[in-house]
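In: Build me a model from this:
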Amino acid sequence: ARRGAPAGAMGAESRRRPRAARRPALWWALTGLVGRAAAETFVFDEVPVPPGKTLQTQFLFYVYSHEDSPAARSGPPVVKFDLGLQKIREEGEGHSIEGYQGLEALVLPRKDLWALVDPSKFCGHADTQGKFVFHEDARPAGVVRHEISSSHLVEEAEMTGRSGVYVLVLTNCGADLTNVKVSGSVSVQNPHGFLPAIDYPKKTLFGTLAVLYSVSTLTWLYVALRWWSELYYVQKGIALINITGAIECVLWWLFYYQWNESSEFNSLLFLLAGLSTLWKVMAAFRAVLISSISAEPFTVDDEDSDDSLKVHVALVLYMVCSFNEMTVSAFRHSRALQLDFVLMNAAPPIAVASALFLWSHVSLARAITLMKERRHDADVKLFIRSQAILVLATLGGLIVVLLHVFDPTAGDDFDQWSSHWFFSDGAFQLIFFASLCAAMFTWLPSQSQGHEYSQVSQAGGDLIGAPSEMVWDSEVDVVDDEVGCGKKVAVKPMRAAE
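Out: Next up is the predicted model:
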């Protein structure tokens, strides 16, 4: 590799949007192309050479200068070109790629795009035909350019410009080339590592959340495991949510850590972490829905409920729609996707989630009404508090959607990048964890509510334990032995702490 100095570069908004950006998001995920499109490395995969006298924008890089980087571990940011020309079909017809000139890749500040490029003359004047040139009055700064040839040269160059969004541009100022594609990659390493500048704080976010979920998981299991066989369905669901949340945050932290250190966008980690996030939400909805629609909300079994199939079908639909939207969000900013495209992919999961919230509210209201008719006052209090938590979670969900879809922090103003973590992931994660903590406090198992079974006195007579025909009834508090010496066995049912 040879290290080159920054040179003049081009910039121009894409004359035509790359077709790949319009493909279904799940196609990107399943074929592994998310990794190629979302990292600070853009891989040219089956990208034909642009027609002669045209230019195309391909990708956006979010770059911190050495002075502005929150965790500078090296010198200035570096861009690496590893590009060449290759025939699409060896036996096919087409132009020769030997000695071809006029094809260049350039990285330049996005906000200076049209100031640097004259759309009508970017391929030169009478004395510079076949070579890309800047606007006559332009003074290019912070721009890097690289000539692409059949020899597949590798070049690295320091980016000496200011912090900002940089655009990768592919321009062909030569003749039309058929049966020829660009192969290789262009990557940018920030002073803090390979993570895009807007994503770097997410490593700290998920590291912190992994610790919080681990603490909440251990705390809940410590309290609940002693009474596991007698826990309510909701209480077991809370345990599952905590465990899933801890696994999810560890996976996300590993994903961002590996990406930052090695430049590798690990598609497998992305898949596992994303599905863990969705499974956590699905477990929360399932705990609420299956408990509230059952005639026996405290003792219901997931498999015994007649309505459990409907719940699971709705949750699977939510998972599919949400993973599609999550995949779009992964390369939303690097591909500069339009808001209408983002909304088109966000609408299905928002609709399904809204239906699940509405179903949960209606089911809880019916369960509360039924308990009031049965005069189960303690149970009514638990479900009223649960519905209050659900109301707050619903309002929080609305805020999360607005922040996520209309995120203003990924623009050219790098001072706002430090807040991007909150709009993209932080708001959802923090609101969900706060709701989980509130549910844990509401449903916390308590010895004072009937968990403790008193020991049988062994003084003055034979030991009498729990008879085989003991009746577990909420109306029975004590079983007396008229023959023995006043031995007692408590048979109170377990209640969550009020």
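In: Name the nearest residue to Tyr256, ignoring sequence neighbours.
Out: By the measure of Cβ to Cβ, 6 or more residues apart in numbering, the closest residue to Tyr256 outside its immediate chain neighbours is Lys203, 4.1 Å from it. Where you see a C-beta, it was placed from the backbone N, CA and C, and this is true even at glycine.
In: Show me where the protein has its strands.
Out: Applying DSSP state E to the chain gives strands spanning 2-4, 41-48, 54-63, 78-87, 103-109, 144-147, 154-158, 164-172, 180-189, 478-480, 488-490.
In: residues near the nearest residue to Ile350 once chain neighbours are set aside, how many?
Out: Counting by Cβ to Cβ, 6+ apart, Val401 is the residue found nearest to Ile350 once chain neighbours are left out, at 6.0 Å. Other residues within reach of Val401 by the criterion other Cβ atoms under 10 Å amount to 17.
In: Can you list the low-confidence ranges for the protein?
Out: Along the chain, the model assigns pLDDT under 70 to residues 1-39, 90-97, 99, 125-130, 137-138, 297-306, 446-498.
In: Next, the spatially closest residue to Gln258 that is not a sequence neighbour: phi, psi?
Out: With sequence-adjacent residues excluded and distances taken as Cβ to Cβ, 6+ apart, Gln258 is closest to Asn266, at 5.6 Å. For Asn266, the backbone dihedrals are phi -80, psi 110 (criterion: degrees, to the nearest 10).
In: about what we covered before: thought Pro196 was touching the residue nearest to Tyr256, still the case?
Out: No. When contacts are counted by Cβ atoms under 8 Å, Lys203 is not listed as touching Pro196 (11.7 Å).
In: Give the residue from the two that has the larger number of neighbours.
Out: Pro196 (25 against 22).
In: Grab the nearest non-local neighbour of that one.
Out: Using Cβ to Cβ, 6+ apart, the closest residue to Pro196 is Tyr62 (4.4 Å).
In: Would you quantify the distance from that neighbour to Arg110?
Out: Separation of Tyr62 from Arg110 (Cβ to Cβ, to the nearest Å) stands at 10 Å.
In: what sits in contact with each of those two?
Out: Contact with both Tyr62 and Arg110 is made by residues Val165, Tyr166, according to Cβ atoms under 8 Å, 6 or more residues apart in numbering.
In: Tell me which of these two has more neighbours.
Out: With other Cβ under 10 Å as the criterion, Tyr62 and Arg110 differ in neighbour count, and Tyr62 comes out ahead with 24 against 18.
In: so what's Leu436 up against?
Out: By Cβ under 8 Å, 6+ apart, the residues touching Leu436 are Ser216, Ile238, Ile241, Asn242, Gly245, Ala284.
In: So the third one sits against Met282, correct?
Out: When you say that, I think you mean Ile241. No. Using Cβ under 8 Å, Ile241 is not in contact with Met282, being 9.7 Å away.
In: out of the two, which sits in the busier spot?
Out: Ile241 (28 against 22).
In: if I pick the residue nearest to that one when sequence neighbours are not counted, what's in contact with it?
Out: Closest residue to Ile241 apart from its sequence neighbours, by Cβ to Cβ, 6+ apart: Ala283 at 4.9 Å. Remark: with contacts taken as Cβ under 8 Å, 6+ apart, Ala283 is in contact with Gly237, Leu240, Ile241, Thr244.
In: what does Trp253 give?
Out: When contacts are counted by Cβ under 8 Å, 6+ apart, Trp253 is found next to Lys203, Phe206, Gly207, Ala210.
In: Not counting sequence-adjacent ones, nearest residue to the third one?
Out: When the adjacent residues along the chain are set aside, Gly207 lies closest to Trp253, with 4.8 Å between them (Cβ to Cβ, 6+ apart).
In: Tell me the helices and strands packed up against the helix ranked longest in the chain.
Out: Among the elements of the chain assigned as helix by DSSP state H, the one spanning the most residues is helix 339-374. Under the contact criterion of 3 or more Cβ pairs under 8 Å, 6 or more residues apart in numbering; DSSP states H and E, helix 339-374 touches helix 267-293, helix 308-330, helix 377-405.
In: isn't Asp68 right up against Ser418?
Out: No. Counting by Cβ under 8 Å, Asp68 sits too far from Ser418 to count as a contact (10.2 Å).
In: coming back round to it: can the contacts of Ala283 go into CSV with extra columns for distance to Ala393?
Out: Listed next are these as CSV, based on distance: Cβ to Cβ, whole Å:
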residue, distance to Ala393
Gly237, 14
Leu240, 17
Ile241, 12
Thr244, 17
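In: Point out the most buried one among the helices and strands packed on helix 339-374.
Out: When the helices and strands packed on helix 339-374 are scored by mean count of other Cβ atoms under 10 Å, the highest mean neighbour count falls to helix 267-293 (a mean of 21).
In: on that earlier part again, would you turn the helices and strands packed on helix 339-374 into a markdown table with distance to Phe42?
Out: Compiled in a markdown table, those are given as follows (distance: least, Cβ to Cβ, whole Å):
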| stretch | distance to Phe42 |
| --- | --- |
| helix 267-293 | 15 |
| helix 308-330 | 14 |
| helix 377-405 | 24 |
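In: Would you tell me which of those gets closest to Gln56?
Out: Gln56 lies closest, by Cβ to Cβ, to one member of the helices and strands packed on helix 339-374: helix 308-330, at 21.1 Å.
In: now that closest one, how far from the centre of its chain.
Out: Relative to the centre of its chain, helix 308-330 is centred 13 Å away, using Cα atoms, centre = their mean, to the nearest Å.
In: pull the CA atoms of it into PDB?
Out: Written as PDB, here are the backbone C-alpha positions of helix 308-330 (Å, rounded to 0.1, in the frame of the first residue of the first chain):
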ATOM      1  CA  SER A 308     -52.200 -18.100  23.400                       C
ATOM      2  CA  LEU A 309     -52.100 -19.000  19.700                       C
ATOM      3  CA  LYS A 310     -53.500 -15.600  18.700                       C
ATOM      4  CA  VAL A 311     -51.000 -13.900  20.900                       C
ATOM      5  CA  HIS A 312     -48.100 -15.800  19.400                       C
ATOM      6  CA  VAL A 313     -49.200 -15.100  15.800                       C
ATOM      7  CA  ALA A 314     -49.400 -11.400  16.600                       C
ATOM      8  CA  LEU A 315     -46.000 -11.400  18.200                       C
ATOM      9  CA  VAL A 316     -44.400 -13.200  15.300                       C
ATOM     10  CA  LEU A 317     -45.900 -10.600  12.900                       C
ATOM     11  CA  TYR A 318     -44.400  -7.900  15.100                       C
ATOM     12  CA  MET A 319     -41.000  -9.500  15.100                       C
ATOM     13  CA  VAL A 320     -40.900  -9.800  11.300                       C
ATOM     14  CA  CYS A 321     -42.000  -6.200  10.700                       C
ATOM     15  CA  SER A 322     -39.700  -4.800  13.400                       C
ATOM     16  CA  PHE A 323     -36.600  -6.600  12.200                       C
ATOM     17  CA  ASN A 324     -37.200  -5.200   8.700                       C
ATOM     18  CA  GLU A 325     -37.400  -1.700  10.200                       C
ATOM     19  CA  MET A 326     -34.300  -2.400  12.400                       C
ATOM     20  CA  THR A 327     -32.400  -3.400   9.300                       C
ATOM     21  CA  VAL A 328     -33.400  -0.200   7.400                       C
ATOM     22  CA  SER A 329     -32.300   1.900  10.400                       C
ATOM     23  CA  ALA A 330     -28.900   0.100  10.300                       C
END
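In: Now do that helix: which elements does it pack against?
Out: Helices and strands in packing contact with helix 308-330 are listed as helix 25-31, helix 33-38, helix 267-293, helix 339-374; criterion 3+ Cβ pairs under 8 Å, 6+ apart.
In: and it with helix 339-374, angle?
Out: Our comparison of helix 308-330 with helix 339-374, counting by axes from the mean of the first three to the mean of the last three Cα atoms, to 10 degrees, yields an angle of 150 degrees.
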